[in-house]
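From the sequence below, what's the structure:
(chains A, B and C)
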Amino acid sequence: MAAASGTESLVTLLSRAGEDLAAGWVDRVSSSLGGRVSKAEVESELRELYTALLAALRQESVDVYGEAFGELRALLTELSRSRARQGFSPTETALSVFSLKQALEPVLSDGNEDDVRAYLQLSSLLDGLGLFTIEAYTRTREELIAAQAEQLLELSTPVVKLWDGVIGVPLVGTLDSARTMVVMEKMLQSLLDTGSEQAIIDITGVPAVDTEVAQHLLKTVVAARLMGAECTISGIRPQIAQTIVALGIDFGDIATKATLADALRHALRRAGTTLSTTSGTGVAR
Amino acid sequence: MSEQVPILQIGQVLLVSIQTDLDDHAVMRLQDELASRVVESMADGVVIDITAVEIVDSFVGRMLATIATISRLLDADTVVVGMRPAVAITLVELGLSLGGVTTALTLDKGLRVLERRRLEAAAGDGDAEPGAVEAGFPPGGAIDS
Amino acid sequence: MTEPAVLSITGNNGVVMARQTVRSLAQDCRLSLVEQTKLVTAASELARNALIYGGGGTMTASIVDEFGRRGVRVVFADQGPGIADVDLALTDGWTSGNGMGLGLSGSRRLVDDFVLDSAVGRGTTVTITKWAR
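Residues are numbered from 1 along each chain as shown, chains lettered A, B, ... in the order given. Model prediction:
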């Protein structure tokens, strides 16, 4: 912040360039965005930025993170968020700030020494603002990614109603701690929502379990019991059974069945539903 | 002064519905009062409804387990109903599984569990019936954290 | 960062107040329902410990923002006799009173960060943090 000379000459430079500068800036930005944002929209965005920038400079400040730049930062954050959501690249987003430099170059060609100094001052200021833009952009992208990861987690853990009073949780794919936790919460909530006293966790589609996941499953069963419901675990493949034994995890009196069909029969019996067989087809009444 | 939890009697069943965040004294008082009411009223069942309870810590957990044990000594069954999922998950993580306490999803289901027990007692059949869930870790079930 | 909430835990009501204070902070911090429940339960255990074993103490709770993640931090401090063997005190089932011995070890499992600082004659300070996911 060695610009002790103040920002007066910079304000003068920007105001003098006025309309020409604005037009040049809008042209550059809208061409860099490849027409995916209408020119009118770009113009209104940049005009707001321009006004906020001048207002900040009039307060004799060149500190990007200072109070004077508060409004400009808010505008840039908003701009970065909308660009990130629309799928623009970081470069395309930051160019909205950086192109002001290029737009100012023609003005400089017949400028005096004061103008050059002002330009350099502006240049370093715009670098700071550009970096701020990229940061805001990245933050938005990270939020998007986190939200998508969460959605994916939700998608990959369906809870289905198998029968009156019996819900099923078919698990497919690798189970990690976080996912098992989500399954656990979702299953327990479904027990309550559907008034089911029986739940079947089917792990036919799970290639492997480690100690932590096995323990999470165990805890899920215990939590369900606390709520007044029973769990049956089905589809334990031979490899997984071996792992469970090798890890020394005791499933105690938790009902485990080889197939989902066996588990359903068991759950229905526990729920008090009787099954009868008519010419080879199982029918539950 | 901590609030008092009303104990209602419906037929042979004592019903306690905890509606507020109880301090430890109120919890102890409830435990004492329930024990004496079981004896006085000759009730054969106790239902503790914790649908409205947002957290169950080790103190309240111990009260639930103690009431269940006391009522069993006095020949009554205790059913804890309406535990919220978040509360159940937390209790398991805390290391409390309320072994030996019978649980049910709702008040209605809890009353039906007691009803069935009564019929079975009359029929002299002591086997575990369908639908009754007993809380707790599986015997020998290993959970290390 | 917000102004920390300071509460003195001197009576039975202190434990209830501790639960309510921590719950409202956890809600402000947008912890999930399960995370809220775990944190409030841990706070309840530790507040009771401070009351019973420490002869009363203080709770300081605040929302913290570190390295881009937000969470709730609660510090329980008492001037009680302190704990001689900290490792032993953190074992399930160990108790010096007539509790179940799940207060310390159990609440450690319920939170993300758990720091126990204690020595005989110097009182006990427990700091717990739960981060928003």
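
So, low pLDDT: which residues of the stretch 51-200 of chain A?
The model of the stretch 51-200 of chain A has pLDDT under 70 over residues A:111, A:154-156.

90 - rerun?
The stretch 51-200 of chain A contains residues with pLDDT under 90 at A:51-72, A:79, A:81-126, A:128, A:140-159, A:171-184.

and the residue of it found nearest chain B, what is it in contact with?
Closest approach between the stretch 51-200 of chain A and chain B, counting by C-beta to the nearest C-beta: residue A:188, at 3.6 Å. C-betas here are computed from N, CA, C, even on glycine. Counting by C-beta atoms under 8 Å, 6 or more residues apart in numbering or on different chains, residue A:188 touches A:220, A:223-224, A:227, B:85, B:88-89.

Kindly recompute the last result at 10 Å.
The contact partners of residue A:188, taken as C-beta atoms under 10 Å, 6 or more residues apart in numbering or on different chains, are A:159, A:199, A:220, A:223-224, A:226-227, A:229, A:231, B:83-89, C:34.

State the distance from it to residue A:175.
Distance of residue A:188 to residue A:175, computed by C-beta to C-beta, to the nearest Å: 17 Å.

what's around the residue lying closest to residue A:174 once chain neighbours are set aside, how many residues?
The spatially closest residue to residue A:174, leaving aside those adjacent along the chain, is residue A:207, at 6.5 Å (C-beta to C-beta, 6 or more residues apart in numbering or on different chains). For residue A:207, the count of nearby residues is 12 (other C-beta atoms under 10 Å in any protein chain shown).

what's around residue 33, how many residues?
Answering for chain A, as no chain was given. 20.

um, chain C though
Applying other C-beta under 10 Å, we find 17 residues neighbouring residue C:33.

Was I right to think it contacts residue B:55?
No. Between residue C:33 and residue B:55 there is no contact, the gap being 11.1 Å when judged by C-beta atoms under 10 Å.

which other residues reach stretch A:102-117?
Contact with stretch A:102-117 is made by A:3, A:5, A:8-10, A:12-14, A:16-18, A:20-29, A:46, A:95, A:101, A:118-119, A:122-123, A:126, as judged by C-beta under 10 Å, 6+ apart.

Please enumerate the strands of the chain.
Going with chain A. Per DSSP state E, chain A carries strands over the ranges A:160-163, A:166-172, A:198-205, A:230-234, A:255-257, A:275-278, A:281-284.

wrong one, I was asking about chain C
Along chain C, counting by DSSP E, strands occupy C:5-9, C:57-66, C:69-78, C:113-119, C:123-131.

wait, what's in contact with residue 76?
No chain was given, so I picked chain A. By C-beta under 10 Å, 6+ apart, residue A:76 lies in contact with A:49, A:52, A:64, A:69, A:93-94, A:96-97, A:129-130, A:132-133, A:135-137.

think we crossed wires, I meant chain C
Residue C:76 sits in contact with C:7, C:9, C:18, C:42-43, C:45-51, C:54, C:57-61, C:107, C:116, C:124-128, where contact means C-beta under 10 Å, 6+ apart.

For burial, what's the neighbour tally of residue C:4?
By the criterion of other C-beta under 10 Å, residue C:4 has 16 neighbours.

Quick check: the residue nearest to residue A:174 touching residue A:213?
No. Using C-beta under 10 Å, residue A:207 is not in contact with residue A:213; the gap is 11.4 Å.

So residue A:149 is in contact with residue A:182, correct?
No. Residue A:149 lies out of contact with residue A:182 (C-beta under 10 Å); the separation is 11.0 Å.

Between those two, point out the one with more neighbours.
Higher neighbour count among residue A:149 and residue A:182: residue A:182, with 15 against 11, using other C-beta under 10 Å.
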